[in-house]
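Colleague: what's the 3D shape of this:
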Amino acid sequence: MKRASVTRILGLGLLSLLCTAALAQEFSADIVTTDKKETGQSTKIYVSRNKMRFESQGQKHQAGTVLLDSDTQMMDIIMPQQHMYMESHMGQGPRQQHMFKFFQAVDVENACPDWQKMTDHPGGSCQKIGDDTANGRSAVKYAVTSAEGKNSTVWLDKSLKFPIKWQEQDSSGELQNIHEGPQPAALFEIPAGYQKFDMGNMMKQH
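Modeller: Numbering: from 1, shown residues only. I've put the predicted structure just below:
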């Protein structure tokens, strides 16, 4: 899986900081983005309480999957072509530490305090606009300005407790084809027969 694909999927994972996997309704959906560089690309998302799966769609030679677990604070990047996976601890680094605190603390009706916990740099602002409708579903709309002055708008779905729509200066996106209900446990597990990628051993070989 190419770096661009990994970065894009992880970016979607960071977007989901505006919700909590631990509290979110179980569901699956298509994440459709309108990034200027990747217009029309989509990612499948599966959410099961404390776990999430991001699966890239429609990208030639860039298929791949990212698994996130808020209980263990672990991230796995699955590489189907190599039958391997990479594992890392999501608590490494300030942003990642804040990430799972944010997972555990969010309140859809009062998400701004949790957004402040997540930011790496002081400053910026978050404002609750109020109740709204996004894709025909009940949501709460928020306007956020980062410390760097970047503006974004996010709609949090009241039932899913998850971002259903977002708009930024250079991109926007939304959840489509939402299906609420329990998700198979196998979706959040490493496929049988896959080997763990060991960066340390690879470096020793060169």
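
Colleague: so what pLDDT did residue 186 get?
Modeller: Note on residue 186: pLDDT of 95.

Colleague: distance of it from residue 69?
Modeller: Using CB to CB, to the nearest Å, residue 186 is found at 14 Å from residue 69. Heads up, the C-betas are built off the backbone N, CA and C, glycines and all.

Colleague: between these two, which one's more packed in?
Modeller: For residue 186 and residue 69, the more surrounded residue by other CB atoms under 10 Å is residue 69, and the numbers stand at 16 against 8.

Colleague: How about the more buried one, nearest residue that isn't a chain neighbour?
Modeller: Leaving aside its chain neighbours, residue 69 sits nearest to residue 51 (5.2 Å; criterion: CB to CB, 6 or more residues apart in numbering).

Colleague: Ok, residue 68 next?
Modeller: Closest residue in space to residue 68, ignoring its immediate chain neighbours: residue 52 at 4.5 Å, by CB to CB, 6+ apart.

Colleague: okay, the helix or strand where the one you found lies in CSV with CA atoms only?
Modeller: Assessed by DSSP states H and E, residue 52 sits inside strand 51-57. Output in CSV follows, covering the C-alpha atoms of strand 51-57 (Å, rounded to 0.1, in the frame of the first residue of the first chain):
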residue,chain,number,x,y,z
LYS,A,51,-12.8,-0.5,17.2
MET,A,52,-12.7,1.0,13.7
ARG,A,53,-11.7,-0.3,10.3
PHE,A,54,-10.8,1.9,7.3
GLU,A,55,-10.6,0.2,3.9
SER,A,56,-9.5,2.1,0.8
GLN,A,57,-11.7,1.7,-2.3
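
Colleague: State the mean pLDDT of it.
Modeller: For strand 51-57, mean pLDDT is 85.

Colleague: Please, where are all the helices along the chain?
Modeller: 3-15, 94-105, 112-118, 199-204 (DSSP state H).

Colleague: Check which strands are paired with the strand holding residue 52 and give the direction for each one.
Modeller: strand 42-48 (antiparallel), strand 65-69 (antiparallel) (DSSP bridges).

Colleague: give me the beta-bridge partners of the closest residue to residue 142 other than its chain neighbours?
Modeller: Using CB to CB, 6+ apart and skipping residues adjacent in sequence, the residue nearest residue 142 is residue 154, 5.0 Å away. Beta-bridge pairing for residue 154 (DSSP bridges): residue 142, residue 166.

Colleague: Just the pLDDT for residue 154.
Modeller: You'll see residue 154 listed with a pLDDT of 88.

Colleague: Residue 103 too?
Modeller: Residue 103 is assigned a pLDDT of 39 by the prediction.

Colleague: The residue nearest to residue 142 touches residue 168, doesn't it?
Modeller: No. Between residue 154 and residue 168 there is no contact under CB atoms under 8 Å: 9.2 Å.

Colleague: Show me which of the two is the more surrounded one.
Modeller: Just comparing residue 154 and residue 168: by other CB under 10 Å the higher neighbour count belongs to residue 154, 24 against 16.

Colleague: what separates the more buried one from residue 178, distance-wise?
Modeller: Using CB to CB, residue 154 is found at 16 Å from residue 178.
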